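Trainee: With the sequence up front, the predicted model follows.
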Amino acid sequence: MKAAVYYENGGPSVFRYEEVADPEHGPGEMLVQVEVVSIEGGDTLNRLGGPLVTVPHIVGYQNAGTVVSVGSEVSGFAVGDRVVSLAFHGSHAERRVAHPLTTWVLPDEVSTEVGACVPVAYGTAHDGLHEFGQLREGEVALIHAGAGGVGLAAIQIAKQAGARVMATASSDERLERLREFGLDDGINYLENDFVTEVRALTKNRGADVILDSVGGSNLQKSLGALAYRGRCVTFGNAGREEPLQLDTSGLGTQNQSLIGYFLGPELFVGSRAHAMISTILDDVACGTLRVVIDKRFALAEAEEAHAYIESRQAFGRVVLIP
């Protein structure tokens, strides 16, 4: 099969489009013919500095396609099923081994391209706001990187929960586009200090729930934008800063919480997270939640696709087509 691989960590230019051996699945796994790869933020971070589990290495969390082989111990899936699957690596390829705990059959109303973009972004947004952020109706939610995959998902989910939705983005144009998805207050972080803006918009109260995918100094500032008893959920490191020693001394006096989150482990602890993503796929099927695909690249163009994501021009998802 063909795959986008690399032999060392680095920028997008490390990618090579090469022939590699087809993966083989075990009795408790499936083999999927990949039709769409959704590039996740974690994929770019892993390419930059994550472990090379194999050499050459195939990066990538999430893709969708058709099941072509099913192990003898697998139930609930059949050859011919359209599915979206997750794993810690291996998405940037024509074929992929899938595990039932991290695979979902796509509803008939959800295209393979749209389905490929759902679990990581929408699962992270939903868990960050509800399971971990405990967002309640009438509260204020601040979503960083609102025009990204998780951001667009979180804006919609927070609005449906009855929250007042604030988001940051790099331009007024991008913020204006977010209004149709439920944005109430947009903050251009290149022109304004978001802490000052949040305080001004809430009469100094702050945000009840903050989703921070940026990390670093942005995360430190997020703590300063929290309301009394506010919850800040941190995931990812889109800002690409070196690890920062956070000053959390103010959390105690305001009964605030800083919560780390990663979807992966949740999928292997009981069935809650898997069922949650199934429900989200149903919401996408009936149009309650929308997926925006910004740009499509061929799998052979993985270098260009990753560079485009890192240019921070994308509005929504960027996908690869094998």
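Mentor: Perfect, thanks for sending it. Numbering: from 1, shown residues only.
Trainee: Sketch out the low-pLDDT regions of this structure for me.
Mentor: 239, 243 (pLDDT under 70).
Trainee: residues touching the closest residue in space to Gly224 that isn't next to it in sequence, list them.
Mentor: Excluding the flanking residues, the one nearest Gly224 by C-beta to C-beta, 6 or more residues apart in numbering is Val195, at 4.9 Å. Using the backbone N, CA and C atoms, a C-beta is placed for each residue, glycine as well. Going by C-beta atoms under 8 Å, 6 or more residues apart in numbering, Val195 touches 221, 224-225.
Trainee: What separation do you get for Gly60 and Pro322?
Mentor: Computed as C-beta to C-beta, to the nearest Å, the Gly60 to Pro322 distance reads 12 Å.
Trainee: what residues are shared contacts of those two?
Mentor: Common contact partners of Gly60 and Pro322 (C-beta under 8 Å, 6+ apart): 37, 93.
Trainee: The two: which has the busier surroundings?
Mentor: Using other C-beta atoms under 10 Å, the more surrounded residue of Gly60 and Pro322 is Gly60, with 28 against 20.
Trainee: quick one on the thing from earlier: Validate this expectation: the residue nearest to Gly224 resides in a strand.
Mentor: No: with DSSP: H, G, I helix; E, B strand; the rest coil as the criterion, Val195 is helix rather than part of a strand.
Trainee: How about the residue positioned nearest the centre of the chain: what's its closest non-neighbour residue?
Mentor: By C-alpha atoms, centre = their mean, the chain has its centre lying nearest to Ala121, at 3.0 Å. Sequence neighbours aside, Gly149 is the residue nearest to Ala121 in space, at 3.8 Å (criterion: C-beta to C-beta, 6+ apart).
Trainee: In contact with that neighbour, which residues are there?
Mentor: Listed by C-beta under 8 Å, 6+ apart, the contact set of Gly149 reads 38, 40-41, 117, 120-121, 316-317.
Trainee: try Arg290
Mentor: By C-beta under 8 Å, 6+ apart, the neighbours of Arg290 are 152, 156, 181, 284.
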